[in-house]
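Asker: Fold the stuff below for me.
(one chain, ligands or ions: 1)
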Amino acid sequence: MSRATRFIDACKGKPVDCTPVWLMRQAGRYQASYQAVRAKVSFFELCSSPDLAAQVTVAAVEEMGVDAAIIFSDILVPLLAMGAQIEMTHGGPKLEPLRDRAAVDKLKVVEPAEAVPYVMDAIRETNRRLDGVVPLIGFAGAPLTLASYLVEGGGSKSFPHLKGMLFADPDSAHQLLDKLTTVVTRHLRAQIEAGAHAVQVFDSWASILAPHDYRAIALPYLKRIFSELSDLDVPKIMFAQGTTVLLDELLEIGADVLSVDWCADLAAVRARVPELPLQGNLDPTYLFMDEAELGKRIAYVLERAGARDGKAAPKHIFNLGHGILPPTKTDRVRFLVDTVHRLTGEEA
Ligand code: CP3
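Answerer: A predicted model of the protein is given here:
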């Protein structure tokens with residue numbers, strides 16, 4: 001049994017005793033323990049308290065039995081330090097929209113270790129409490145996804161303002177992406193220096209761009225982030241929603257692990273990249289199924305990843321294809337984690 005090592009080993013392409021599993025958004029509203037904390041503090045108060053952030057990070061590991069922790073924070077946290085006005089409402093984040101060059105110019109290119117030191121403190125405190133039981137993942141949003149929240153002022157269906165800026169005022173858009181890239185790179189470095197054992201970049205809205213636009217607009221910034229961190233010997237994971245359409249572009253970023261969304265077929269991605277560690281990719285809504293059906297879908301993902309004869313597929317980290325949704329039942333999540341371990345060789 002090696003919960004302490006199997007996630008990092010799989011990220012490095014080394015053999016594992018069974019398939020490691022963790023889940024995007026594994027700490028959140030589907031847990032009663034999280035809701036109890038959130039009943040007392042606002043979302044950003046929770047993010048800025050190293051004690052509470054460590055508490056909910058560790059609770060997700062203890063309650064679900066996953067093989068990695070992900071630090072409790074949000075991709076929007078560094079934007080607060082850059083000067084963005086953000087409120088977390090029941091309907092998601094609401095931001096003061098940033099629509100012109102003057103607004104872009106006002107954004108501060110901060111050093112997150114100084115501007116949001118509480119994230120690094122939370123990482124140190126979480127590692128202290130985890131005591132090596134599982135590794136800890138740090139993260140940041142990709143510049144395009146962060147720009148979408150800033151320019152749209154929140155979530156969006158068709159991203160008219162962001163795409164309007166990208167295509168009608170590219171100078172301002174690139175100024176914005178450049179500033180975000182600098183802060184994201186510094187933020188990831190600071191998290192690794194504080195003790196994160198791996199990092200993941202989330203490009204949740206990658207698929208709003210056609211492949212040629214993603215290549216021209218988003219890819220150079222992502223390449224810059226990963227190449228500037230290449231001196232740091234921890235696995236760097238890239239997640240983008242849109243793996244099927246953007247696979248060529250995503251493979252050029254230089255990530256150590258590609259996290260695959262639930263629309264893609266893991267076997268098809270594996271055929272393209274025999275050596276690259278892959279993470280994913282169960283549809284998060286399958287967690288609404290009963291155990292018998294969910295079990296079949298878990299087995300299907302493992303099979304598409306290459307698991308055979310009750311043994312783990314090499315270079316595969318089980319995860320969802322996107323984050324856990326709030327109505328999910330905690331017993332289904334525990335069932336998922338146990339099933340992945342049981343079907344891939346964990347000794348009882
Ligand atoms: O457990 C973990 O995965 C770590 C914590 C984490 C959160 N957000 C906590 C959170 C992580 C890794 C994120 C990433 C994040 N945040 C992404 C990328 C992943 C994805 O889902 O695409 C994005 C796009 C955001 C921005 C964001 N934060 C949105 C759109 C929302 C509202 C939607 C929602 O799920 O509520 C948030 C809020 C948020 N971030 C919550 C949590 C637990 C819920 C807020 C609450 O407690 O009220």
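Asker: A84: neighbour count?
Answerer: For A84, the count of nearby residues is 22 (other C-beta atoms under 10 Å). Bear in mind the C-beta positions are built from the backbone N, C-alpha and C, glycine included.
Asker: Okay, buried residues for the strand or helix carrying V245 please.
Answerer: V245 is part of helix 243-251 when elements are defined by DSSP states H and E. The neighbour-count check on helix 243-251 (16 or more other C-beta atoms under 10 Å) flags 243, 245-247, 249-251 as buried.
Asker: helices or strands up against the next helix or strand after that helix?
Answerer: Once helix 243-251 ends, the next helix or strand along the chain (criterion: DSSP H and E) is strand 257-259. When contacts are defined as 3 or more C-beta pairs under 8 Å, 6 or more residues apart in numbering; DSSP states H and E, strand 257-259 packs onto strand 236-240, helix 243-251, strand 278-282.
Asker: export those to a markdown table and tack on mean pLDDT?
Answerer: Formatted as a markdown table, these follow (pLDDT from 0 to 100):
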| stretch | mean pLDDT |
| --- | --- |
| strand 236-240 | 98 |
| helix 243-251 | 97 |
| strand 278-282 | 98 |
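Asker: right, so of the ones you listed, which gets closest to the ligand?
Answerer: Among the helices and strands packed on strand 257-259, strand 236-240 comes nearest to the ligand, with 7.4 Å by C-beta to the nearest ligand atom.
Asker: The longest helix belonging to the chain vs the ligand: in contact?
Answerer: For the chain, the longest helix by residue count, based on DSSP state H, is helix 170-194. No. Remark: helix 170-194 sits outside contact range of the ligand, by C-beta under 6 Å from any ligand atom, the gap being at least 11.9 Å.
Asker: Report how many residues lie close to A267.
Answerer: 11.
Asker: How about the contacts made by it?
Answerer: 304-306 (C-beta atoms under 8 Å, 6 or more residues apart in numbering).
Asker: 7 Å instead, please
Answerer: Shown in contact with A267 (C-beta atoms under 7 Å, 6 or more residues apart in numbering): R304.
Asker: do L294 as well
Answerer: By C-beta under 7 Å, 6+ apart, the contact list for L294 reads 286-287, 332, 335-336.
Asker: Okay, W22 and the ligand: tell me how far apart.
Answerer: According to C-beta to the nearest ligand atom, to the nearest Å, W22 stands 9 Å off from the ligand.
Asker: I should have written V77 there, sorry.
Answerer: Applying C-beta to the nearest ligand atom to V77 and the ligand gives a distance of 9 Å.
Asker: from what I can see that residue touches Y118, true?
Answerer: No. V77 is beyond contact range of Y118, at 8.7 Å (criterion: C-beta atoms under 7 Å).
Asker: Of these two, which one has the most company?
Answerer: A side-by-side neighbour count of V77 and Y118, using other C-beta under 10 Å, places V77 first with 20 against 17.
Asker: Check the more buried one and give its pLDDT.
Answerer: pLDDT recorded at V77 is 98.
Asker: Please name the residues that touch it.
Answerer: By C-beta under 7 Å, 6+ apart, the contact set of V77 is 47, 116, 119.
Asker: Put together CSV for these, with distance to the ligand on each row.
Answerer: Shown next, in CSV, are the contacts of V77 (distance: C-beta to the nearest ligand atom, whole Å):
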residue, distance to the ligand
C47, 8
V116, 14
V119, 11
